[in-house]
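K.L.:
Build me a model:
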Amino acid sequence: MGAYSEAYRLSLGDPERFWLDAARLIDWSSFPTRALDDSGAPFYRWFPDGELNTSYNALDRHVERGHGDRDALIWDSAMVPARRRYTYRELRDEVARAAGALASLGVGKGDRVVVSMPMVPEAVITMLACSRIGAVHSVVFGGFAAKELAVRIDDARPKVVVAASCGLEPGRVVRYKPILDEALELSSHRPDHVVVLQRDQARAELRHGEYDWQDVVPGAAPADPVPVASTDPLYILYTSGTTGKPKGVLRTAGDHAVALAWSMGAVYDVREGDVWWTASDVGWVVGHSYIVYAPLLVGATTVVYEGKPIGTPDAGAFWRVVSEYGVRRLFAAPTALRVIKKVDPRGAELAKYDLGSLTGLFMAGERLDPETYQWASDMLGVPVIDHWWQTETGWAIAANPRGLEPMPVKPGSATVPMPGWDVRIVDSEGEELPAGQEGEIVIRLPLPPGALATLWGDDERFVESYLSRHEGFYTTGDSGSFDEDGYLSVMGRVDDVINVAGHRLSTGAIEAALASHPAVAECAVIGVPDPVKGQVPHGLVVLKSGADADAADLGAELVAAVRRDVGPVAAVRDVTVVPALPKTRSGKILRKTMRALAAGRDEQPPPTIEDPAVLESLKPLLRRTEPHP
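P.N.:
Numbers count the residues shown, from 1 in each chain. So this is what the prediction gives:
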């Protein structure tokens, strides 16, 4: 057996041995005596009698081992512009003071802290400060509107909210504080305190109970790491639900640390001292796992970038960062590469930089199409590795294990399941399908360390959303197939969540925004293929009888409603008024059928369709849907 086959076999056949061995990558206050407690299945507990502190593992232990002067974090803002470096000792001290400041505001073990910040070092510092004192952080992407932020505040019920006064986008300043103020007006929960990082580009007015970061953090008494149980919550990260209500994915401390430390070496071949850059945002799971925690757990240097792939200032932005800091491994979304390719197809900007340090490019967040794979391979001359995972799983379900046993790349495939992930392809009845046949991708329980433990405050929804469709299996919501070599290809979602530039968005939330317009009777949103963003939402609305609305004005108002309620990340630009929507007799809108038509596929509607003529009337519209510029 090769190294991968042996590891995969052992992880499924003897998970106790496999994961207790992996647990030695982490320093524990109390080393676990066993790996898995399955007595409460389907609520599994990893390393149930272990104790540790994640912040200590990410920072203090490297300082204690003599690596305090190594760079831990490099911040590069193409927006300010600005640069800042933190050694492991400096970052530990900053985190300890931030943790002390939170403690002085009454935050303790198990309390929640909502973080709404752009890509600045203080976002990372706040996350690590929470884990240092056993608090639970919930980072909310800065691009969300007040309504979405309010929902998350009400669900997490934080003791403190930490925010920035603004974020920076090409050509504009996004004021975060007014969004937070509105969210707090909308929410029923009131945090005890708000801490605001003031940025010179747009300083915020503070009210009673709100504090300037500079007034409470730099002078705070440093807090020591607090040991927590392996099964204690580390963070809540909200992901889209098909009902429009976000789901709070709950990650627990011990298994999270073990899984990420193991994956950093086995999947990415990144070790201490390597410079690693994940071009994402801390508001998304990729940022949690591979900007903040994983690189610091193994003693690598993590790059935090505030900017875009293009326009800050040009299509060479990524390559400048790689060259300037000697990045060895880069992790990005295919959307970023497609945008760069569109602006600089021949690599003129890329040619300006020395990329000799780069040895691999990893892609995730959406399917890596073969054309983009080939372009990146040709331009960079390094392995381009696709892999697949989800907010819920926290790390790669399927990947090419470059540090364990590098495998040949097959364009269009995420390669093979990683140890711990017992992946199957099944039909709608749960029967396993042979190689070559596409079906639902499911994972046999228990999920390995690092996956979600449950949904915050909603065990019932956790079971209903992920575990109820096929008994004994986690339903990924994606479809795909294995080939004869055991390589997995992921084709797309089977539910009504769409993937816009690597961001999972609920069509239900977008539809709710469209439906809020007084002229709209009903609506549907489908994901339409886009060469840059992967998918973009296309809204179809039916007007109320007698509604008198100018088409241009209505379209602008509906787009504005989505920006207001969901946020600009939803990228809705196309809203079409139609006479009726195709439905089943029970009233279910045929979104899947419409998605297929928009993607250029003919798909038979279900036999329960109420009026086939309605669908026929929409076919010309759906088939001529054009990608966004």
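
K.L.:
now the strands: where do they sit in the stretch 51-200 of the chain?
P.N.:
Assigned by DSSP state E, counting those that start in this stretch, the stretch 51-200 of the chain shows strands spanning 51-52, 71-77, 82-87, 112-116, 136-139, 160-164, 166-169, 172-175, 193-197.

K.L.:
tally of neighbours for the closest residue to V275 other than its chain neighbours?
P.N.:
Beyond its immediate neighbours in the sequence, the residue positioned closest to V275 (CB to CB, 6 or more residues apart in numbering) is T301, lying 4.6 Å away. The way it works is simple: take the backbone N, C-alpha and C, and place the C-beta from them, glycine included. A count of neighbours around T301, defined by other CB atoms under 10 Å, yields 26.

K.L.:
still on that earlier bit, tell me which of the strands of the stretch 51-200 of the chain sits nearest to G436.
P.N.:
When the strands of the stretch 51-200 of the chain are compared by CB to CB, strand 136-139 sits nearest G436, at 40.4 Å.

K.L.:
Against which helices or strands is that closest one packed?
P.N.:
On a contact count with 3 or more CB pairs under 8 Å, 6 or more residues apart in numbering; DSSP states H and E, strand 136-139 meets strand 112-116, helix 121-132, helix 146-156, strand 233-239.

K.L.:
List of residues touching that strand?
P.N.:
With contacts defined as CB atoms under 8 Å, 6 or more residues apart in numbering, strand 136-139 is touched by 110-117, 123, 126-127, 130-131, 152, 156, 158, 233-238, 248, 282-283, 287-288.

K.L.:
Just the buried ones from these?
P.N.:
Buried residues within the contacts of strand 136-139, counting neighbours by 16 or more other CB atoms under 10 Å: 111-117, 123, 126-127, 130-131, 152, 156, 158, 233-238, 248, 282-283, 287-288.

K.L.:
Kindly provide the distance from the residue in the chain sticking out farthest from the centre to G307.
P.N.:
Distance from the centre of the chain peaks at G546, with 42.9 Å (CA atoms, centre = their mean). Going from G546 to G307 by CB to CB, to the nearest Å gives 49 Å.

K.L.:
if we look at stretch 348-360, which residues are touching it?
P.N.:
Stretch 348-360 is contacted by residues 268-269, 275, 314-316, 319-320, 322-323, 326-330, 344, 379-380, 382-385, 402 when judged by CB under 8 Å, 6+ apart.

K.L.:
Low-confidence regions, the stretch 301-450 of the chain specifically.
P.N.:
By pLDDT under 70, the stretch 301-450 of the chain has no low-scoring segment.

K.L.:
could you pull out the strands for it?
P.N.:
Assigned by DSSP E, counting those that start in this stretch, the strands in the stretch 301-450 of the chain fall at 301-306, 329-332, 360-363, 384-386, 398-399, 416-417, 422-426, 439-444.

K.L.:
and of those, who's closest to P218?
P.N.:
The closest of these to P218 is strand 301-306. By CB to CB, the value is 19.6 Å.

K.L.:
what separates that closest one from the chain centre, distance-wise?
P.N.:
How far strand 301-306 lies from its chain's middle: 16 Å, per CA atoms, centre = their mean, to the nearest Å.

K.L.:
Tabulate the CA atom coordinates of it in PDB.
P.N.:
Taking Å, rounded to 0.1, in the frame of the first residue of the first chain, the C-alpha atoms of strand 301-306 are listed here in PDB:
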ATOM      1  CA  THR A 301       3.700  32.300   8.400                       C
ATOM      2  CA  THR A 302       0.300  33.400   7.300                       C
ATOM      3  CA  VAL A 303      -0.400  36.300   4.900                       C
ATOM      4  CA  VAL A 304      -3.500  38.400   5.500                       C
ATOM      5  CA  TYR A 305      -4.400  40.400   2.400                       C
ATOM      6  CA  GLU A 306      -6.800  43.300   2.100                       C
END
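
K.L.:
Next up, the contacts around the closest residue to L149 other than its chain neighbours.
P.N.:
Nearest residue to L149, sequence neighbours excluded (CB to CB, 6+ apart): A183, at 3.9 Å. Contacts here follow CB under 8 Å, 6+ apart; on that basis A183 touches 146-147, 149-150, 153.

K.L.:
what's the distance between A183 and G477?
P.N.:
A183 is 28 Å from G477, where distance means CB to CB.

K.L.:
With Y176 instead?
P.N.:
Distance from Y176 to G477, by CB to CB: 31 Å.

K.L.:
Kindly indicate whether A512 is helix, strand or coil.
P.N.:
helix (DSSP: H, G, I helix; E, B strand; the rest coil).

K.L.:
Low-confidence bits of this structure, can you list those?
P.N.:
For the chain, applying pLDDT under 70 flags the ranges 1, 241-244, 495-497, 504, 506, 571, 584-588, 607-608, 624-629.

K.L.:
can you map out the helices along the stretch 151-300 of the chain?
P.N.:
For the stretch 151-300 of the chain, the helices defined by DSSP state H, counting those that start in this stretch occupy 176-186, 213-216, 253-266, 285-287, 294-297.

K.L.:
residues making contact with the last one?
P.N.:
Yep, that's helix 294-297 we're talking about. 25-26, 54, 57-59, 72-73, 128, 257, 260-261, 263-264, 270, 276, 278, 301-302, 395.

K.L.:
Ok, the second one next?
P.N.:
Around helix 213-216, the neighbours that count as contacts under CB under 8 Å, 6+ apart are 101, 104-105, 122, 162, 195-198.

K.L.:
Let me have the residues you listed in TSV, extended by distance to V532 and neighbour count.
P.N.:
Below are these laid out as TSV (distance: CB to CB, whole Å; neighbours: other CB atoms under 10 Å):
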residue	distance to V532	neighbour count
A101	41	26
S104	46	14
L105	43	21
E122	31	21
V162	33	32
V195	37	26
V196	34	25
L197	32	23
Q198	35	17
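
K.L.:
Pull the most distant pair out of those residues.
P.N.:
Using CB to CB, the contacts of helix 213-216 span at most 19.0 Å, a distance reached by S104 and Q198.

K.L.:
are any of the contacts of A183 buried, and which?
P.N.:
Among the contacts of A183, the ones that count as buried by 16+ other CB under 10 Å are 146-147, 149-150, 153.

K.L.:
which one of the contacts of A183 sits closest to V463?
P.N.:
Out of these, the member with the shortest distance to V463 (by CB to CB) is I153, at 25.3 Å.

K.L.:
what about the closest residue to A266 other than its chain neighbours, neighbour count?
P.N.:
The spatially closest residue to A266, leaving aside those adjacent along the chain, is L404, at 4.3 Å (CB to CB, 6+ apart). Burial of L404 is recorded as 22 neighbouring residues (other CB under 10 Å).

K.L.:
Kindly report the same for the one 4 residues further on.
P.N.:
Using other CB under 10 Å, P408 has 8 other residues around it.

K.L.:
any idea how far it is from D49?
P.N.:
Computed as CB to CB, the P408 to D49 distance reads 42 Å.

K.L.:
Chain neighbours aside, what residue packs nearest to L447?
P.N.:
Leaving out its chain neighbours, the residue that sits closest to L447 by CB to CB, 6+ apart is Y474, at 5.8 Å.

K.L.:
With C166 instead?
P.N.:
Sequence neighbours aside, A202 is the residue nearest to C166 in space, at 3.8 Å (criterion: CB to CB, 6+ apart).

K.L.:
What residues does the one you found make contact with?
P.N.:
165-166, 173, 175.

K.L.:
And the contacts of helix 213-216, which is closest to A253?
P.N.:
Nearest to A253 out of these is V162 (CB to CB; 20.0 Å).

K.L.:
pretty sure that closest one contacts L180?
P.N.:
No - using CB atoms under 8 Å, V162 is not in contact with L180, being 10.2 Å away.
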